[in-house]
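[1] Fold the following, please.
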Amino acid sequence: MTVIRLPLPPYPYRFDLLLDFARRIAHPARLLVIGDTLWRFTAGQLLSYRQQDDAIVVSGADLSAENEIPIAETSRHTLGLCRDLSAFYDMARADASLWSVIEPLVGLPIHCAETVFEALVTLIIEQHITWKTALRSQRCLMRLFGRTASIGEVSVYDFPAPAQLAKATRSALQPLKITNKRIDLIIETATAIGRGDLALESIRDTQPTQAYERLLEIKGVGPWTATNVVGRACGKYPFVSHNDVALQAAVRAYFHAGKGDKGAEQVRDALERYGEYAGMAGHFVLLRWVLDNYPPASIEGGS
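    Presented below is the predicted three-dimensional model:
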């Protein structure tokens, strides 16, 4: 079997923390952790990832010399191997209140969606519902339209391509149990990509502010969705998602900021002091919240 070795970067990088986070996902689908191995589809191929000494070893039945380079590049992106957070850690270390939250997460990679389309669709699903409910809906989408493989008694799914969802009907997406408005937005976005009217993947090559503005041009995409797509697709967090309910809860728990303030104002009071790193600080505060409040999920089998 062909394998790819992705050297660990010189800056802090902890694959074990990525596995720990992935275990908190209540409905395994896109990422599946079994033991010390992460399974996922990458560029349409089922691959396994595990750390061996100073490298991440990528294995797959269909790996070959012909696809090694694109698989390696995509894997570095999704696994966050190309993102040096040393400057952010240095800033956080100088602030006792922030460092108490961040220190246990030093080395946790910035995991990214494989495509901007995947990031956008998953965030459309996550609008106005709980994270666990959204994860269930996302797995349902992948079960209905994505490629599937079994690892023992457990299934792992690929994310459907725009062409697949462009052909979907509203009734076909009803099992996701999200609003018709969001179903229509998913189908319309996929259709616009297929027609060539929406060059969504090119957003990754632009500056975060430009990417944010271009996302807002999509009818139905608001500031919360655009902010989080930039982070999830590009691994960049220049913006603070002040209206994120989970982030608001995390800020209250870790900072007790502005006791007289609520919601978005409390988030601003806690995070804006970190300037260019405010968005990254918010991202890590939210990750800490997930690790502290969501226990490792039991692996669900089959369907």
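[2] Assign Ile218 to helix, strand or coil.
    coil (DSSP: H, G, I helix; E, B strand; the rest coil).
[3] where in the stretch 201-303 of the chain is pLDDT low?
    257-262, 298-303 (pLDDT under 70).
[4] Do a quick rundown of the helices in it.
    Taking DSSP state H, counting those that start in this stretch, the helices of the stretch 201-303 of the chain run over residues 208-216, 223-234, 245-255, 263-271, 278-293.
[5] can you list those in a markdown table and add distance to Ala192 and mean neighbour count?
    Yep, even glycine has a C-beta here, placed from its N, CA and C like the rest. As requested, the helices of the stretch 201-303 of the chain are arranged in a markdown table below (distance: least, CB to CB, whole Å; neighbours: other CB atoms under 10 Å):
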| stretch | distance to Ala192 | mean neighbour count |
| --- | --- | --- |
| helix 208-216 | 13 | 16 |
| helix 223-234 | 15 | 22 |
| helix 245-255 | 29 | 19 |
| helix 263-271 | 31 | 20 |
| helix 278-293 | 28 | 20 |
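[6] how about TSV for those, with distance to Met142 added?
    Listed next are the helices of the stretch 201-303 of the chain as TSV, based on distance: least, CB to CB, whole Å:
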stretch	distance to Met142
helix 208-216	22
helix 223-234	16
helix 245-255	23
helix 263-271	31
helix 278-293	21
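[7] Of those helices, which is nearest Cys112?
    helix 223-234 (6.4 Å; CB to CB).
[8] helices or strands up against the closest one?
    Packing contacts for helix 223-234, counted by 3 or more CB pairs under 8 Å, 6 or more residues apart in numbering; DSSP states H and E, involve helix 116-126, helix 208-216.
[9] Not counting sequence-adjacent ones, nearest residue to Glu201?
    Distance criterion CB to CB, 6 or more residues apart in numbering; nearest residue to Glu201, sequence neighbours excluded, is Val116 at 5.3 Å.
[10] Burial check on Ala163, number of neighbours?
    Look at Ala163: counted by other CB atoms under 10 Å, it has 11 neighbours.
[11] can you pull the contacts of the closest residue to it other than its chain neighbours?
    Excluding the flanking residues, the one nearest Ala163 by CB to CB, 6+ apart is Gly194, at 5.8 Å. The contact partners of Gly194, by CB atoms under 8 Å, 6 or more residues apart in numbering, come to 162-163, 166.
[12] Just the element for Gly194, please.
    helix 180-195 (DSSP states H and E).
[13] Neighbours of Leu176, how many?
    19.
[14] so who does it touch?
    Applying CB under 8 Å, 6+ apart to Leu176 gives the contacts 125, 137, 140-141, 183.
[15] Quickly note the distance from it to Phe284.
    30 Å (CB to CB, to the nearest Å).
[16] again with Arg50
    25 Å.
[17] same question, Thr74
    24 Å.
[18] tell me the contacts of Ala168?
    Ala168 touches 145, 186-187, 190, counting by CB under 8 Å, 6+ apart.
[19] Trp39 reaches Val58, doesn't it?
    No. Contact criterion CB atoms under 8 Å: Trp39 and Val58 do not qualify, at 11.1 Å.
[20] hey, what's in contact with both of these two?
    47-49.
[21] any idea which of those residues is closest to Arg5?
    Tyr49 (11.2 Å).
[22] dump the residue contacts of the closest one.
    15, 37-40, 56-58, 75, 79.
[23] swap the cut-off to 6 Å and go again
    38, 56, 58 (CB atoms under 6 Å, 6 or more residues apart in numbering).
[24] Return the distance of the first one relative to Tyr49.
    Going from Leu38 to Tyr49 by CB to CB gives 4 Å.
[25] now, which of the contacts of Gly194 lie within strands?
    Among these, the subset assigned to strands under DSSP state E is empty.
[26] Count the neighbours of Ser48 for me.
    Neighbours of Ser48 (other CB under 10 Å): 18.
[27] oh sorry, the question was meant for Asp16
    Residues near Asp16, counting by other CB under 10 Å: 11.
[28] Would you mind giving the domain segments of the protein?
    Using automatic domain parsing, the domains assigned to the chain come out as 3-105, 116-234, 245-293.
[29] so what strands line up beside the longest strand along the chain?
    For the chain, the longest strand by residue count, based on DSSP E, is strand 45-52. If you go by DSSP bridges, strand 45-52 pairs up with strand 37-42 (antiparallel), strand 55-59 (antiparallel).
[30] Just say which of those is most tucked in.
    Mean neighbours per residue, mean count of other CB atoms under 10 Å, is largest over the strands paired with strand 45-52 for strand 37-42, with a mean of 21.
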